[in-house]
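J.: sequence and predicted model, in that order:
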Amino acid sequence: RSLNISIVGATGAVGAELTELLEASQIPVNRLRLLASRNSAGRQVRFRDEICFVEALYEIGDLETDIAFLCAGSAVSLEWAPRFAAQGALVIDNSNAFRMDPDVPLVVPQINPSVLSHRPRPGIVANPNCTTIQLARALRPLVTALDVHQIILATYQAASGVGLMGIDELRNGTRAALEGSSGPPAARFPVPLQFNVIPQVGEIDLEGVALEERKLVQEARKILAMPDLRLTSTCVRVPVENGHSEAVYLEFEKPVCLEQVHELLAQEEGVRLYADGIREGYPTPRFLTNPEDVHVARVRVNPENPRGLWLWVVADNLQVGAALNALLIAQLAIANRVVGGK
Ligand code: 2RA
């Protein structure tokens, strides 16, 4: 049957991307509600030949909907996810608020679809963090077939990871710097991002670990169902508008065979392997094609250690890392009759 769908944070970077992907999808939509802050209320968005008016979240009375996508950050999710769920919605939450809750499935449909075989008790499904989704999708074929000892990575994260305001800040700051002025002070980033790289994504805790680095290890363990996975990272913000990159080093228990690695990655659905680095080149975030895929290149055995393997992993953080994964979760829930099956 046709579904009622609500998108909270509909005018943000992820919400807008999600609306477009939903429009192009096969999901039958009866009523789409686009919800946002009061500032965005009244905006018009075309959706499948109809005009939708953005409504102010805090002013709506009735929360009844089949699926509620929450894309407005943890504070909004903490308040609104239980309210939508209490009205019967399946909440697909894009924030960090519930990801590590043992009752809330953390889903990457290509990896762990079985965790969404029934309606979760709280009525909430968590969409993982963008850096984790692309990493987990590239790692899955390798860590399931081969014994991994540890994984070490550095991320190169785009400005869009903090939303449209992050992109604006990078653009305005770059323009100002080229014109010789210092521009406005950094607001979305700890220091100005233009012509710079910043070794901090999220708050740094008392142990010196940034929140993004915590998320990567905790979420990867939960999604891959590998609670003892040894994974450590340094997460870095770079002056790229969109597209996160990761330099990933895997150390296996035994010497690794490059041919086998190529085979495993080439067979993985949704992973695009650039096997011959010289002929095929490598993906870069600015020139990424096929934004629905995870791109893996520079695959090489460490000449100093036959158990070590390097990968370069790039993905569109707004699509693969957020909106597309959320949409695939919805499609999985529909297929499993977790929603819309009554
Ligand atoms: C970022 N992964 O890139 C975080 C949140 N989307 O900022």
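T.: That came in fine, so what should we check first?

J.: residue of the stretch 101-250 of the chain nearest the ligand, please.
T.: Nearest residue of the stretch 101-250 of the chain to the ligand, counting by Cβ to the nearest ligand atom: Gly161, 2.0 Å away. Where C-beta positions appear, they are placed from N, C-alpha and C, glycine not excepted.

J.: what's the spacing between that residue and Gly202?
T.: With distances taken as Cβ to Cβ, to the nearest Å, Gly161 is found 10 Å from Gly202.

J.: so those two - more neighbours on which side?
T.: Gly161 (27 against 18; other Cβ atoms under 10 Å).

J.: can you tell me the closest non-neighbouring residue to that one?
T.: Once flanking residues are discounted, Gly161 sits nearest to Asn317: 5.8 Å by Cβ to Cβ, 6 or more residues apart in numbering.

J.: now do Tyr58
T.: That would be Arg38: by Cβ to Cβ, 6+ apart, it lies 6.9 Å from Tyr58.

J.: now the residue of the stretch 101-250 of the chain closest to the ligand: how far from Tyr274?
T.: For Gly161 relative to Tyr274 (Cβ to Cβ), the value is 24 Å.

J.: and Glu59, by the same measure?
T.: 49 Å.

J.: looking at those two, which is more packed in?
T.: Per other Cβ under 10 Å, whichever of Glu59 and Tyr274 has more neighbours is Tyr274, with 18 against 9.

J.: tell me the contacts of Leu139?
T.: 151, 220, 224, 248, 250 (Cβ atoms under 8 Å, 6 or more residues apart in numbering).

J.: how about it, phi and psi?
T.: Reported as degrees, to the nearest 10, the phi and psi values for Leu139 are phi -80, psi -30.

J.: model confidence over stretch 194-214, on average?
T.: Stretch 194-214 carries an average pLDDT of 98.

J.: quick one: is it near the ligand?
T.: Yes: Stretch 194-214 reaches the ligand (Cβ under 6 Å from any ligand atom) through 201, 212.

J.: neighbours of the residue nearest to Tyr58, how many?
T.: 11.

J.: wait, what's in contact with it?
T.: 56, 58-59.

J.: quick one: which of these sit in strands?
T.: Applying DSSP state E to the contacts of Arg38, the entries found in strands are Ala56.
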